[in-house]
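**Q** next input, structure requested:
(4 chains)
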Protein chains: 2
Amino acid sequence: MDDQARLEHHLDLLWGHGTGSGRGRPARTSREQVVAAGIARADAEGLADLSMRAVAADLGVGVMSLYTHVESRDGLVALMTDHAFAEITGDLHPHAGEHWRDAAARQARALWDLYGRHPWILDHGSRLPMGPHVLAMEDAFFAVFLDIGLAPVESANAAIALRSLVTGIARDSRSEQDEARRTGVGLDDHWRSVNAVFWGRYFDERRYPAMTRLWYAGGFDRDDVLEEQGILERAVGAYLDGIAVRVHSGGSGQGTGGA
Amino acid sequence: MDDQARLEHHLDLLWGHGTGSGRGRPARTSREQVVAAGIARADAEGLADLSMRAVAADLGVGVMSLYTHVESRDGLVALMTDHAFAEITGDLHPHAGEHWRDAAARQARALWDLYGRHPWILDHGSRLPMGPHVLAMEDAFFAVFLDIGLAPVESANAAIALRSLVTGIARDSRSEQDEARRTGVGLDDHWRSVNAVFWGRYFDERRYPAMTRLWYAGGFDRDDVLEEQGILERAVGAYLDGIAVRVHSGGSGQGTGGA
DNA sequence: GGACTTTCCAGACGGTGTACCGAAAGGATC
DNA sequence: GATCCTTTCGGTACACCGTCTGGAAAGTCC
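**A** Sure thing, here's the model as predicted:
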């Protein structure tokens, strides 16, 4: 099997082509079941604990039987990822009459919530799989910026950057609570112990004056856990304001501020 | 060794405390050398091919000898990451008299360039290690937004979001060329073969109308490879424009655009 | 020269993804 | 109903991974 055939096989699996011909021994388990078992395990334990042996055991099936539905472990994760995006693509495209700013904010929230339900999507470094639901998600983001008065390249970039912004912030935010769960201790206990040893022994207030000033000014105070979401809303709001400036100035304005 | 001691050991390594007491058999290799070998290998082959056996072989040393300088593989990556950030922290803080917008744009570029030299930094999902150089980098980002007229929490969020924006776009952008290198084929050849099979057999123009329209409008045209950088400049510019709106409106403005 | 301290490193252990390949099971054809 | 054909099943095996173990080696200190 050369690279070309392997690529086609990969895409066939993502797009659901070439499902059983009806002949031969029937599969004891469906591809849906395999993907669902993988998602369940990744949701509960993280991607690191998603081994083929574990998934097979969850399904009560031999390990190698998984490979009839999946080309490899990475292929399984790709299928899981595309499947997960199907959760939000149903109501992601801008509504009729909806202002583009509202639509974009709504999409950012939907993506953020999806990452909250399936944080493992943020774990795999490579690009998103080119599956039908991932493409539907991307299409929805592109649709928002299509007819608001930007040049085509700027529309495309705006959509990609909005996705990247949400993804980047989500990764920053989720990573610490993932780490806390991985080490077994609660998030609060984890940070309490880190802070106890860190700020006294290693941190030098003179070496990091900006952080220190912000700290004493209350810049890192978090009223509650949901405050993590505030940073998303603020960042997305600021970014969309910048896009709005470009829209109103004819598509490529430099906006306010210094040169 | 309980968790507390393990954490202190981890931080000691990151901060360079507790280096050799002078007694006992001297180490054949320094911690600097181990970290440098790890970075060299990760730069060339990616994080996936960074095995302890490989690093040890590169240094001509037994595998377990690495563990005198490093607590684990993750600890090695943490050291490598902190070491890499030292490349840019020398000239990252805002200059005297520099407009905050220029400083922020300069920092975004520096971070982007660093990710270009060491793409593996983008691979590990957990938060950045709390090492001296990572903190220096963060301090520089916080410093930019300190005295521009935002509330403390908004300043902190602005700095974090700018970092997340650059990181998110860098990950989106680098991942495809990483994949191309991993599979051995060139970037152009990779996409040529993907496109050849994909757009004809799987992509449905009616199912993804926004992407299709943008495609025919030239929204995905890239004049040259460096155009990847254009999306960063545009996104950062838009985001900073949004921050500027908030600065001028007194710190929490909703800005232009819809509700 | 001994005591002490630290590093070195071969070997082993349990884990991973997955290639191999004969056995099993159902449809198609006679 | 017997046979062939096609597909899946899954035990075994292999290479590779991170890292624990523990005795040997190589320095400093008294």
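
**Q** so who does residue A:62 touch?
**A** For residue A:62, the contact set (C-beta atoms under 8 Å, 6 or more residues apart in numbering or on different chains) comprises residue A:56. Using the backbone N, CA and C atoms, a C-beta is placed for each residue, glycine as well.

**Q** count of neighbours near residue A:164?
**A** Other residues within reach of residue A:164 by the criterion other C-beta atoms under 10 Å in any protein chain shown amount to 23.

**Q** surely it meets residue B:161?
**A** No: the pair residue A:164 and residue B:161 fails to qualify as a contact (C-beta atoms under 8 Å) at a distance of 11.5 Å.

**Q** residue of the stretch 51-200 of chain A closest to chain B, please.
**A** Across the stretch 51-200 of chain A, the shortest distance to chain B (C-beta to the nearest C-beta) belongs to residue A:168, at 2.8 Å.

**Q** show me what the helix or strand containing that residue is packed up against.
**A** Under DSSP states H and E, the secondary-structure element containing residue A:168 is helix A:152-182. Counting contacts by 3 or more C-beta pairs under 8 Å, 6 or more residues apart in numbering or on different chains; DSSP states H and E, helix A:152-182 is packed against helix A:100-117, helix A:132-144, helix A:187-201, helix A:227-248, helix B:152-182, helix B:209-216, helix B:227-248.

**Q** and the ones you listed, which one's lowest on average pLDDT?
**A** Looking at those, the lowest mean pLDDT belongs to helix A:187-201 (a mean of 75).

**Q** can you tell me if that helix touches chain B.
**A** Yes: with C-beta under 8 Å from any C-beta of the partner chain as the threshold, helix A:187-201 lies in contact with chain B, specifically through A:193, A:194, A:197, A:198, A:201.

**Q** mind putting these into TSV with neighbour count?
**A** As requested, the residues of helix A:187-201 next to chain B are arranged in TSV below (neighbours: other C-beta atoms under 10 Å in any protein chain shown):
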residue	neighbour count
A:193	14
A:194	15
A:197	14
A:198	16
A:201	12
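
**Q** turn the residues you listed into CSV, columns for distance to DNA strand D.
**A** What follows is the residues of helix A:187-201 next to chain B, written out as CSV (distance: C-beta to the nearest atom of the strand, whole Å):
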residue, distance to DNA strand D
A:193, 20
A:194, 20
A:197, 21
A:198, 22
A:201, 24
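
**Q** which residues of the stretch 1-150 of chain A lie near DNA strand D?
**A** Residues of the stretch 1-150 of chain A lying near DNA strand D by C-beta under 7 Å from any atom of the strand: A:20-21, A:23-29, A:61-65, A:68.

**Q** which of these scores worst on pLDDT?
**A** Of all those, residue A:20 carries the smallest pLDDT score, 67.

**Q** which residues touch residue A:115?
**A** Under the contact definition (C-beta under 8 Å, 6+ apart), the residues listed for residue A:115 are A:121, A:122, A:166, A:167, A:170, A:174.

**Q** and if we set it to 6 Å?
**A** With contact set as C-beta atoms under 6 Å, 6 or more residues apart in numbering or on different chains, residue A:115 has these partners: A:122, A:170.

**Q** quick one: the strands in the stretch 1-150 of chain A, in order.
**A** The residue ranges that make up strands in the stretch 1-150 of chain A, judged by DSSP state E, counting those that start in this stretch, are empty, as it has none.

**Q** enumerate the residues of it near chain B.
**A** The stretch 1-150 of chain A has residues A:8, A:11, A:15, A:99, A:101-102, A:123, A:125-127, A:135, A:139, A:142-143, A:146 near chain B, with proximity defined as C-beta under 6 Å from any C-beta of the partner chain.

**Q** please indicate which of those residues are buried?
**A** By neighbour count, with 16 or more other C-beta atoms under 10 Å in any protein chain shown, the residues of the stretch 1-150 of chain A next to chain B hold A:8, A:11, A:15, A:101-102, A:123, A:125-127, A:135, A:139, A:142-143, A:146 as buried.

**Q** can I get these in CSV with distance to residue A:117?
**A** As requested, those are exported to CSV (distance: C-beta to C-beta, whole Å):
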residue, distance to residue A:117
A:8, 31
A:11, 26
A:15, 24
A:101, 25
A:102, 23
A:123, 14
A:125, 20
A:126, 21
A:127, 21
A:135, 20
A:139, 21
A:142, 24
A:143, 23
A:146, 28
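
**Q** returning to that earlier point: closest to DNA strand C out of the residues of the stretch 1-150 of chain A next to DNA strand D?
**A** Nearest to DNA strand C among these: residue A:25, at 3.4 Å, using C-beta to the nearest atom of the strand.
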